[in-house]
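Trainee: Predicted model, plus sequence, below.
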Amino acid sequence: MSLQVGDNAPKFKLQDQDGKTHELSELKGKTTLIYFYPKDETPGCTKQACDIRDNFEELQEMGMDVIGVSKDDAASHTKFKIKHELPFDILADTEHEMIEAYGAWQERSMYGRKFFGTQRSAVIIGPDLKIAAVWPKIQPLKTVPEAKKWLEENK
């Protein structure tokens, strides 16, 4: 499934690193960047999370919330969040239901071996709970610049 700008954001109901349940409806009235990443503590994912952390305050001042999502469990997310002092929630999608619904579960290849996994990607969900922007493939250090660019063009 590939999301397009203007689509209704797929519903989700997942727990964060602290066991608190989050769902789509709580994003109503907000602009939220949701980024999907493969695995806690891997080099690219750590770089991406820390870049978002370092720009989080500015993103919030510009009117944007942030949520991370990976298939790691809540315990892994807790360690990742504490170790890197991440100021945003990370949802545990161990069954990759949300990841699939948002088009981030894809066939990947590493060292000639094919497998399914999370494609690093991002979406912005607008206050009306519709998809406002989609990056189906994004480099770790491009998430923040793309989100800021979108905010500047759309606010």
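Mentor: Perfect, I can see it now. Numbering: from 1, shown residues only.

Trainee: the helices in this protein, which residues?
Mentor: For the chain, the helices defined by DSSP state H cover 43-61, 74-83, 97-101, 143-154.

Trainee: which residue of this protein sits farthest from its center?
Mentor: Centroid-distance maximum for the chain: G112 at 27.1 Å, with Cα atoms, centre = their mean.

Trainee: residue closest to the middle of this protein?
Mentor: Y35 (1.6 Å).

Trainee: I'd like to know how far the residue lying closest to that residue once chain neighbours are set aside sits from K155.
Mentor: In space, and not counting its chain neighbours, Y35 is closest to A122: 4.2 Å by Cβ to Cβ, 6 or more residues apart in numbering. (C-beta placed from N, C-alpha, C; glycine too.) Distance of A122 to K155, computed by Cβ to Cβ, to the nearest Å: 18 Å.

Trainee: what's the answer for E85, then?
Mentor: Applying Cβ to Cβ to E85 and K155 gives a distance of 27 Å.

Trainee: so what does the helix or strand of the chain with the lowest mean pLDDT touch, helix or strand wise?
Mentor: The weakest-scoring helix or strand in the chain, judged by mean pLDDT, DSSP states H and E, is strand 105-110 (a mean of 81). Helices and strands touching strand 105-110, by 3 or more Cβ pairs under 8 Å, 6 or more residues apart in numbering; DSSP states H and E, are strand 113-118.

Trainee: picking up where we left off before, can you list contacts of the least confident helix or strand of the chain?
Mentor: With contact meaning Cβ atoms under 8 Å, 6 or more residues apart in numbering, strand 105-110 is reached by H96, I99, K114, F115, F116, G117, T118, Q119.

Trainee: now swap in stretch 81-91 and tell me
Mentor: Counting by Cβ under 8 Å, 6+ apart, 12, 14-18, 20, 22, 41, 46, 49-50, 52-53, 56-57, 65-70, 77, 80, 98 sit against stretch 81-91.

Trainee: ok, now with 7 Å
Mentor: The contact list for stretch 81-91 (Cβ atoms under 7 Å, 6 or more residues apart in numbering) reads 14, 16-17, 22, 46, 49-50, 52-53, 56, 66-70, 77, 80, 98.
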